[in-house]
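# Pasting the sequence and the predicted model now:
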Amino acid sequence: MIATRSAASMSSVPSGGRVALTDDQLRRAAPSIFAASPWETMSDRYRFIPTIEVVHILKDKGYLPTTAIQSRSRIEGKGNFTKHLLRFREASAFGALVPGQSIAELVLVNSHDGTSGYQLMSGIYEVRCANGMVCHSADLGSVSVRHTGGKDFDQQIIDATYEVMDTGPRTLETIRDWKQLALPAPAREAFAAAVLELTHEKPIQAPQLLRPRREDDKNDSLWTVSNVVQENMIRGGLRGTTPSGKRSTTRAVNSVGENLRLNKAIWTLTEKMAQLIG
């Protein structure tokens, strides 16, 4: 299958992205954000700082949560400490949204079981599919803050936030260029085939990843192709046949780690394609 078998819960922005998530909505979507202690196996050197404290730090600086995802665990009792992902947007970026609009976001990843420190990355919300692309390249923001703590932890988070969000204008400019770059059919097919290689089992064919789910996604720009392929990978639901002849449907990607892996790979591939075509 394209998607991982591990599951997660997810809460998207209500009202088409016009309002932020409340603490109650965050708790329902990803209870590990509110963990009151670390997973029991963590050492004494691990400084526990609940993610909700970081959420409140970011809120105070004008960044409001739009999405929360949490991975599950097969280990009994570990579910409320697992890796989780949140996306934030500047308060001024809420309100009336225009289809096709790209909005810079902040992506926060953390866990309380030792599998992740605080990671802050650049993200893009496209007003159509709402999957949210994670931007990942050498010149775009990605900052880690370790769980070793320190009196200046709040300032570390604030500094990392500004460092990542300072890349927003440059990222949006790159996307504007990609929207003007048309991909010929062979390049579109090569793009989809490359993304399909990111998975182990392939019940579908690469051309299926190129099929848009909305009428306004029927154009051949590099950015649209990238978003269509990404949405089909993340949301799943594509029907196909395994090599053994068994009918199968791809599953949605609900694991935080797999979501990030695919997003970063698709972003990098889009960059490389722009260099080749442009």
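Yep, it's here. Numbers count the residues shown, from 1 in each chain.
# going forward, measure contacts and count neighbours with C-alpha atoms only.
OK.
# And residue 30, how close does it get to residue 277?
Using C-alpha to C-alpha, to the nearest Å, we find residue 30 at a distance of 41 Å from residue 277.
# got it, and residue 192?
15 Å.
# Between these two, which is the more surrounded one?
residue 192 (22 against 12; other C-alpha atoms under 10 Å).
# you'd agree that one is in a strand?
No: per DSSP: H, G, I helix; E, B strand; the rest coil, residue 192 lies outside any strand segment and is helix.
# Tell me the pLDDT of it.
pLDDT, residue 192: 96.
# which residues sit in contact with the spatially closest residue to it that is not a sequence neighbour?
Leaving aside its chain neighbours, residue 192 sits nearest to residue 206 (5.2 Å; criterion: C-alpha to C-alpha, 6 or more residues apart in numbering). Under the criterion of C-alpha atoms under 8 Å, 6 or more residues apart in numbering, the neighbours of residue 206 are 189, 192-193, 196.
# Likewise for residue 184?
Applying C-alpha under 8 Å, 6+ apart, one finds that residue 184 lies in contact with residue 220.
# can you start the count at 52 instead of 1 from here on
Shifting the count to begin at 52 puts that one at residue 235.
# Point out where the chain drops to low pLDDT.
Applying pLDDT under 70 to the chain flags the ranges 52-68, 88-98, 124-130, 165-166, 180-182, 187-202, 252.
# can you give me the helices in it?
Counting by DSSP state H, the chain has helices at residues 74-80, 102-111, 204-216, 219-230, 236-247, 257-260, 273-286, 307-328.
# and the angle from the third one to helix 219-230?
Here helix 204-216 runs at an angle of 30 degrees relative to helix 219-230 (axes from the mean of the first three to the mean of the last three C-alpha atoms, to 10 degrees).
# which other helices and strands contact helix 204-216?
helix 102-111, strand 153-161, strand 169-177, strand 193-196 (3 or more C-alpha pairs under 8 Å, 6 or more residues apart in numbering; DSSP states H and E).
# Buried residues of that helix, list them for me.
204, 207-208, 211-212, 214-216 (16 or more other C-alpha atoms under 10 Å).
# How about the contacts made by residue 114?
Counting by C-alpha under 8 Å, 6+ apart, residue 114 has contacts 139-142.
# who wins for neighbours among those residues?
residue 140 (25 neighbours).
# Show me what that one bridges to in the sheet.
Judged by DSSP bridges, the bridge partners of residue 140 are residue 115.
# Next one: it from residue 282, what distance?
With C-alpha to C-alpha as the criterion, residue 140 and residue 282 are 20 Å apart.
# Next: residue 262.
10 Å.
# and if you look at residue 171?
Residue 171 is 22 Å from residue 282, where distance means C-alpha to C-alpha.
# can you count the residues close to residue 225?
Number of residues near residue 225 (other C-alpha under 10 Å) recorded here: 14.
# Output stretch 276-291 as CSV - backbone C-alpha positions only.
The C-alpha trace of stretch 276-291 is given here as CSV (Å, rounded to 0.1, in the frame of the first residue of the first chain):
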residue,chain,number,x,y,z
VAL,A,276,1.2,18.9,-10.6
SER,A,277,3.2,18.8,-7.4
ASN,A,278,0.1,19.5,-5.3
VAL,A,279,-2.1,17.0,-7.2
VAL,A,280,0.4,14.2,-6.8
GLN,A,281,1.0,15.1,-3.1
GLU,A,282,-2.8,15.1,-2.4
ASN,A,283,-3.3,11.8,-4.0
MET,A,284,-0.4,10.3,-2.0
ILE,A,285,-1.5,11.8,1.3
ARG,A,286,-5.2,11.2,1.0
GLY,A,287,-5.1,7.8,-0.6
GLY,A,288,-8.3,6.2,-1.9
LEU,A,289,-6.9,5.3,-5.3
ARG,A,290,-7.9,1.9,-6.6
GLY,A,291,-5.6,-0.5,-8.3
